[in-house]
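Asker: Give me a model of this one.
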Amino acid sequence: TLYLGVAGEETETEKTCTAEGECAGGGEDEQEEEPEELPTIQEAVNKCPNTECVAAVLSTHPSFRADYWERRPLLLKNPPKILGDAKLDWNALLGLVDEGLMWTGHGGNSMVEVPKDNSSSFTFDVRNKNTPMDRSQLKGDLTLLMGSIQTLHDGAAELVLNFQKMLGMVANGNVYATKGRFQTVATLHTSRMDNFVVQTSGKKRWRVYQPEVVNPVWGVYGKAEWGTQVGGKAIPESMVGELLIDAILEPGDILYVPRGFPQTTSTALPASAGKKQKEPSVAISIYMHTEAHHIVYEKMIRCALSRSGFCDAKYDSKGKTYCPIGKLLTEQTRSNAGKVLRMSLPVGFLTPGGAWMPYAKEVADTALSQLAKLMKRADKANLEKKEEWMMEIESKLPETAGRVFQAVAHDTKLLEEKTFAGNNDDVPFYERQQYWQKVFGQLGPFQGGYCHEGGPPIFFQDYFADDFEPDEFSAHMSFL
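Answerer: I've put the predicted structure just below:
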């Protein structure tokens with residue numbers, strides 16, 4: 001067998017022959033087959049009988065990984081039957097209330113006040129916090145939030161678990177149910193989590209815009225989300241880019257909204273939507289936790305630098321400690337040359353086959369390239385770089401990357417086995433959402449003092465140094 005040479009040379013291609021003497025490859029009479037054209041994501045999903053299949057398509061289709069994840073929104077139109085037992089409607093939610101749920105505030109169960117004149121951002125009503133829920137409280141026009149729905153309802157648990165398993169990332173499902181016609185249900189805002197909105201009943205209009213800040217990271221870009229704070233201001237339309245999605249979601253439809261993309265919703269549907277909506281809008285937002293768990297390149301490199309000794313304590317003018325090289329890393333992350341630092345690490349479906357080696361190679365190539373650029377910044381700033389620190393970073397960087405890889409697999413398994421409906425029967429029904437929050441709060445690769453090994457606990461403190469300049473977008477939102 002000879003290798004296939006360059007054009008113009010006589011070559012012989014490899015032949016593969018069976019015991020019967022039939023050969024493939026290299027034959028003069030053999031004609032090359034035309035490669036089959038890959039179906040679009042929607043075409044592949046059209047063949048799906050359930051949401052497990054939809055999640056599998058998203059996790060394996062090369063276009064979703066390359067063109068959509070953290071890059072742009074995607075709308076998938078599906079028939080209602082695809083929902084299976086996850087077809088939650090208003091009556092199903094009232095049934096959960098009757099089983100003994102409590103008002104727990106934002107993140108659990110709360111009512112959302114939405115002024116019909118759209119005079120302010122939404123706020124979460126927690127006046128009844130820690131008191132029993134009652135269906136008599138849910139009359140009239142309102143929006144109800146039920147957090148961690150996978151802890152309460154078997155069908156919802158199966159739906160959320162499909163996405164958690166197929167995408168290989170920690171997932172949480174929140175229900176947003178709206179009764180009444182509101183021009184604005186959720187004002188223009190962003191989220192730190194990638195969101196798969198699954199419409200289960202009624203209809204809701206979604207608009208998603210191009211962001212001014214692509215893939216914002218906590219600390220580097222303030223809170224990394226805007227328009228969501230209780231009593232805060234919505235993002236002005238003048239501060240977002242072009243309208244990317246303007247669609248009415250119906251039962252079965254799934255909308256992917258990348259983290260950081262401005263979004264707003266409405267139940268006051270245009271005449272083109274058909275008959276006036278009588279049924280409340282119910283949707284499950286499946287939030288994938290990457291940046292919200294700091295699983296991004298910037299945090300991994302920051303942690304490795306701290307563990308290597310680079311975050312030797314310095315003091316600002318107010319006597320607060322911070323990490324000097326951390327400020328340079330922040331500057332780089334905000335720059336065009338360092339925008340890859342804002343991307344999530346390739347865990348879960350982003351790592352082909354979920355294997356270690358593809359993950360390690362991609363992380364190493366990106367991290368080492370960005371680390372070299374950071375060291376050049378440090379040289380220009382005349383920052384100290386001790387030889388032992390440089391030697392340590394060679395081992396601490398892969399150790400930190402390995403911790404992320406292992407933590408995600410551990411966390412997804414733990415949440416499934418301890419908190420999902422069907423596996424949490426030992427937890428009282430009214431405590432299941434809070435139990436999920438308790439378990440979830442202990443997860444993530446950078447919990448505890450891991451990143452402080454070899455240095456003082458100032459992992460994030462340069463974000464808060466008095467001479468740290470906020471990014472332009474955060475500064476503008478703070479001014480509002």
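Asker: Buried ones in stretch 418-433, by neighbour count?
Answerer: 419-421, 424, 427, 429-430, 432-433 (16 or more other Cβ atoms under 10 Å). For the C-beta atoms, the positions are set from N, CA and C on the backbone; glycine is no exception.
Asker: Just flag the most distant two among those residues.
Answerer: Phe420 and Tyr430 (16.8 Å; Cβ to Cβ).
Asker: In the stretch 51-200 of the chain, where is pLDDT below threshold?
Answerer: Along the stretch 51-200 of the chain, segments meeting pLDDT under 70 span 106, 112-127.
Asker: May I have the residues that are in contact with the closest residue to Ser281 other than its chain neighbours?
Answerer: Of all residues not flanking Ser281 in the chain, Gly202 sits nearest, at 3.8 Å (Cβ to Cβ, 6 or more residues apart in numbering). If a contact means Cβ atoms under 8 Å, 6 or more residues apart in numbering, then Gly202 has 89, 178, 251, 267, 277, 279-282 as its contacts.
Asker: tell me which residues of the top helix by length along the chain are tucked away?
Answerer: What stands out as the longest helix in the chain, according to DSSP state H, is helix 387-419. Using 16+ other Cβ under 10 Å as the test for burial, helix 387-419 gives 389, 392-393, 396-397, 400-401, 403-405, 407-408, 411-412, 415-416, 419.
Asker: likewise stretch 177-189?
Answerer: 177-180, 182, 184-189.
Asker: Quick one: end-to-end distance for that stretch.
Answerer: Start-to-end span of stretch 177-189 (Cα to Cα, to the nearest Å) is 18 Å.
Asker: Show me how far that stretch is from its chain's centre.
Answerer: 22 Å (Cα atoms, centre = their mean, to the nearest Å).
Asker: State whether Val175 is indeed within a helix.
Answerer: No: using DSSP: H, G, I helix; E, B strand; the rest coil, the secondary structure at Val175 is strand, not a helix.
Asker: dump the residue contacts of it.
Answerer: Listed by Cβ under 8 Å, 6+ apart, the contact set of Val175 reads 88, 93, 144-147, 149, 156, 282-285.
Asker: Does anything pack onto the longest helix of the chain? Which helices or strands?
Answerer: Using 3 or more Cβ pairs under 8 Å, 6 or more residues apart in numbering; DSSP states H and E as the contact criterion, the elements in contact with helix 387-419 are helix 154-167, helix 297-307, helix 356-380, helix 432-440.
Asker: looking only at pLDDT, what's the mean for the very next helix or strand once past the last one?
Answerer: Later in the chain than helix 432-440, the nearest helix or strand by DSSP states H and E is helix 472-479. Confidence for helix 472-479, expressed as mean pLDDT, is 85.
Asker: Check whether Asn109 really touches Gln433, as I assumed.
Answerer: Yes: counting by Cβ atoms under 8 Å, Asn109 touches Gln433, with 7.1 Å between them.
Asker: spatially speaking, which residue is in the middle of this protein?
Answerer: The residue lying closest to the centre of the chain (Cα atoms, centre = their mean) is Asp194, at 2.8 Å.
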